[in-house]
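Chemist: Next come a sequence and a model predicted from it.
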Amino acid sequence: MTRKIIIPGEVIVKGEGYLPGEGTERIGDEIVAMKYGLAEESNKLVKIISLSGVYQPRRGNAVIAKVVRVTFNGWFMDINASDDAFLSLTEVPRYVNKDGLEEVMDIGDMIVAKIWNINKRGIDLSIKSRGLGKIEEGIIVKINSNKVPRVIGKEGSMINLIKDNTNCNITVGQNGLIWIKGDKVEDELYAKKAILFVTEKSFIEGLTDEVKKWFEERKGGKK
């Protein structure tokens, strides 16, 4: 099945052999869309990739967060969701003086974090694992969080293509914020342009080939 834009109520495929995945349901022998997005079938599982909407936090997600408030025992973070998240002192991999939390992270600072718990009280973050922590350099790009899977690509194919062509380290937050770090600002801006190209063309088939072509046209020029 080729990827195609689907609206709610539209029949995606017919046949008992197909299974309904995220954003779909079975009605008789048909798999029907429950939301707007890009229909995709893999190993007979049919799902919808959303192309719009707000970020829904999930446990285990890596996110890029911004400090919005400092308290006596941690930091409240904007994670581009309907609710702020909280980073406790206990989830920071170093000793922190309780009187000097602002010296570690202050309002406006950005971090890469992981959601380790979600409960009625709120969303809890951690920066204890490798690759997490405060962002000191580089640039941040914000995209629609539903387009994150397209920017990453199957098994990381798209993001690796962008990294290889721009010589940048790129960290993609599931919440739609992306951290780009290169040796030169020009490289970072080049990577940003490539990411925005992917988000603009996220609905088309053969997107990886389109991005390869995009890079080929700019080889040497970085325009």
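Modeler: Structure's in. What do you need? Note that the coordinates shown come from a computational prediction; the quantities given were computed from them, not determined experimentally.

Chemist: CA only for contacts and neighbour counts going forward, please
Modeler: Will do.

Chemist: Give me the average confidence score over the top helix by length along the chain.
Modeler: In the chain, with assignment by DSSP state H, the single longest helix is helix 185-200. On average, the pLDDT along helix 185-200 is 96.

Chemist: Give me the contact list for the helix or strand following it.
Modeler: Proceeding N to C from helix 185-200, the next assigned helix or strand is helix 207-218, under DSSP states H and E. The contact list for helix 207-218, computed with CA atoms under 8 Å, 6 or more residues apart in numbering, reads 158, 161, 165, 194, 197-198, 201.

Chemist: Go through these and name the one nearest Ser145.
Modeler: Proximity of the contacts of helix 207-218 to Ser145 (CA to CA) peaks at Val198, which lies at 12.9 Å.

Chemist: residues in contact with that closest one?
Modeler: Counting by CA under 8 Å, 6+ apart, Val198 touches 150-151, 207, 211.

Chemist: Counting neighbours, which of these comes out on top?
Modeler: Val151 (27 neighbours; other CA atoms under 10 Å).

Chemist: got a pLDDT number for it?
Modeler: 96.

Chemist: for the one 5 residues further on, same thing?
Modeler: Gly156 is assigned a predicted lDDT (pLDDT) of 94.

Chemist: Based on its surroundings, how many neighbours for it?
Modeler: Neighbour number of Gly156 under other CA under 10 Å is 12.

Chemist: Next: the one 10 residues further on.
Modeler: When counting by other CA under 10 Å, one arrives at 23 neighbours for Thr166.

Chemist: What of Gly206?
Modeler: Gly206: 11 neighbours (other CA under 10 Å).

Chemist: ok, back up a step: buried ones among the contacts of helix 207-218?
Modeler: 158, 161, 165, 194, 197-198 (16 or more other CA atoms under 10 Å).

Chemist: got the angle between the longest helix of the chain and helix 207-218?
Modeler: 140 degrees (axes from the mean of the first three to the mean of the last three CA atoms, to 10 degrees).

Chemist: Now do helix 185-200: distance to the chain's middle.
Modeler: Computed by CA atoms, centre = their mean, to the nearest Å, the chain-centroid distance of helix 185-200 equals 15 Å.

Chemist: what does stretch 48-59 give?
Modeler: Worked out by CA atoms, centre = their mean, stretch 48-59 lies 9 Å from the chain centre.

Chemist: Thanks a lot, catch you later.
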